[in-house]
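> no letters, just coordinates:
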């Protein structure tokens, strides 16, 4: 008789009985009953399963040959950028995002191009039928290609089709809907997600088959399922975006074959997702000229610089206690910078509501955005616009000092390409920086110097 255990559906912690609150992750009502098979039965079910690469013998480091595999392009430049230049053979990629954000649309477009240029692609969908996927493909203009559709939720059945078709790429949509016959628990449970991810990992490595799996996210924005899912895969991508805006962002948070924190920008259109080659022009398209509370920030995501508009609005509080609201920025960081302005620059916000926003729905979390936040808030408080055609970036310390940021030449080159004529930056970034043609560099050491350089008296 199989033994039953209770497992947390968020972190994978196990307990012999049901618990209302998980002692490991603190989640409420996350325990679900699962069946734990006996070791001999489990070993029998795993017999004949796909095995990972390797011959079982350790090799000396100097004797291991370095093999550089050619990457496969998906035909979507922004997607290839996030992957590090394309899909690596034998890699396992996890793509997560909110429902309806466009994950299936992006993968279907990439699968169609991959099938035409590289070889057959198997698209296994556990959420839609072949007819539904076909309808989306017609809307996206997918032409005839060796793209095979499979509406299946059984892992073993999907792997049988892999053996039969021998595709060049496998796409599974999604990992939370498939189940393995080796586990008795329901699809989406911690055990099933872990087992399915392991089976796809062994298949990808053992057959040198690049595999992309789609993952659901929780209401907090994290990938659903056990954390081991993110450890198992080679690359973790997050598909972000606001439904009320047309642009979408694919962000890499883990990549064994490329740089992390890379960013790909797309625009949602009637014919699918279209790559945005110049994100700066997209985010600054509707920027008002010479309006108080508006600052242009040159931020950096991975190795890619682009310009965004940071807006601030300071108004008198009417309900007694002042409010602090931040959209697209860390709320705690904004509160910290307001305290620095109060203590080091003599700007008081005790009786004022402060609202800070990154226009266009973009999310910025790098320290280099501090100076733009400070400049926008001070500009709104004094009701004076900032210096025209000027970009800012720099980290603000608790002593009011402006600290140097990384990759200043890349930021300045992007500002020059977008037609800006001045840049206010940390003085520590002036040394060794190639002066961009037509851009005046203004180095500042303190918050006071920065405000004097930016806000006209």
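Nice, thanks for sending it over. Nothing here was measured: the structure is a model prediction, and the numbers come from that model.
> could you look up the SS state of residue 195?
helix (DSSP: H, G, I helix; E, B strand; the rest coil).
> run a quick neighbour tally on it.
Residue neighbour count, defined by other C-beta atoms under 10 Å, stands at 20 for residue 195. Placement of C-beta: from N, CA and C, glycine included.
> which non-adjacent residue is nearest it?
residue 180 (4.6 Å; C-beta to C-beta, 6 or more residues apart in numbering).
> how much space between the one you found and residue 219?
27 Å (C-beta to C-beta, to the nearest Å).
> okay, the two: which has more neighbours?
Neighbour count, other C-beta under 10 Å: between residue 180 and residue 219, residue 180 has more, with 22 against 7.
> can you pull the contacts of the more buried one?
154, 155, 156, 192, 195, 196, 199 (C-beta atoms under 8 Å, 6 or more residues apart in numbering).
> on the pLDDT front, check it for me.
Note on residue 180: pLDDT of 90.
> can you check residue 144 too?
82.
> what's the answer for residue 50, then?
So residue 50 comes in at 50 (pLDDT).
> ok, back up a step: out of the contacts of residue 180, which end up buried?
154, 155, 192, 195, 196, 199 (16 or more other C-beta atoms under 10 Å).
> against residue 229, how distant is the fourth one?
So the one you mean is residue 195. According to C-beta to C-beta, residue 195 stands 11 Å off from residue 229.
> the first one too?
The gap separating residue 154 from residue 229 is 19 Å, by C-beta to C-beta.
> just to check, residue 362 is in contact with residue 327?
No. The pair residue 362 / residue 327 is not scored as a contact, 9.9 Å apart, by C-beta atoms under 8 Å.
> the two: who's more crowded?
residue 362 (28 against 15).
> how near is the residue nearest to residue 195 to residue 114?
26 Å.
> for the chain, which segments count as helices?
39-46, 77-83, 103-117, 130-140, 155-165, 190-207, 228-232, 279-283, 331-344, 370-382, 408-417, 447-454 (DSSP state H).
> closest one to residue 29 among those?
helix 190-207 (14.7 Å; C-beta to C-beta).
> got the contact list for the closest one?
7-9, 12, 34, 49-53, 90-92, 155, 159, 162, 170, 172, 175-176, 178-180, 182-183, 185-186, 209-211, 213, 225-226, 228-229, 232-233.
> next, count neighbours for the nearest residue to residue 282 once chain neighbours are set aside.
Computed as C-beta to C-beta, 6+ apart, the closest residue to residue 282 that is not its neighbour in sequence is residue 276, at 5.4 Å. Close neighbours of residue 276, defined as other C-beta under 10 Å, add up to 21.
> please parse this protein into its domains.
Following automatic domain parsing, one finds the domains of the chain at 1-39, 70-277, 282-454.
> now do the buried residues in the shortest one.
In terms of neighbour count (16+ other C-beta under 10 Å), domain 1-39 has its buried residues at 5-13, 22, 30-32, 34, 36-37.
> ok, of the residues you listed, which one's closest to residue 418?
residue 10 (43.1 Å).
> ramachandran coordinates for the closest one?
phi -100, psi -50 (degrees, to the nearest 10).
> so who does residue 453 touch?
Applying C-beta under 8 Å, 6+ apart, the residues contacting residue 453 are 387, 424, 442, 444.
> next: residue 142.
Applying C-beta under 8 Å, 6+ apart, the residues near residue 142 are 108, 109, 112.
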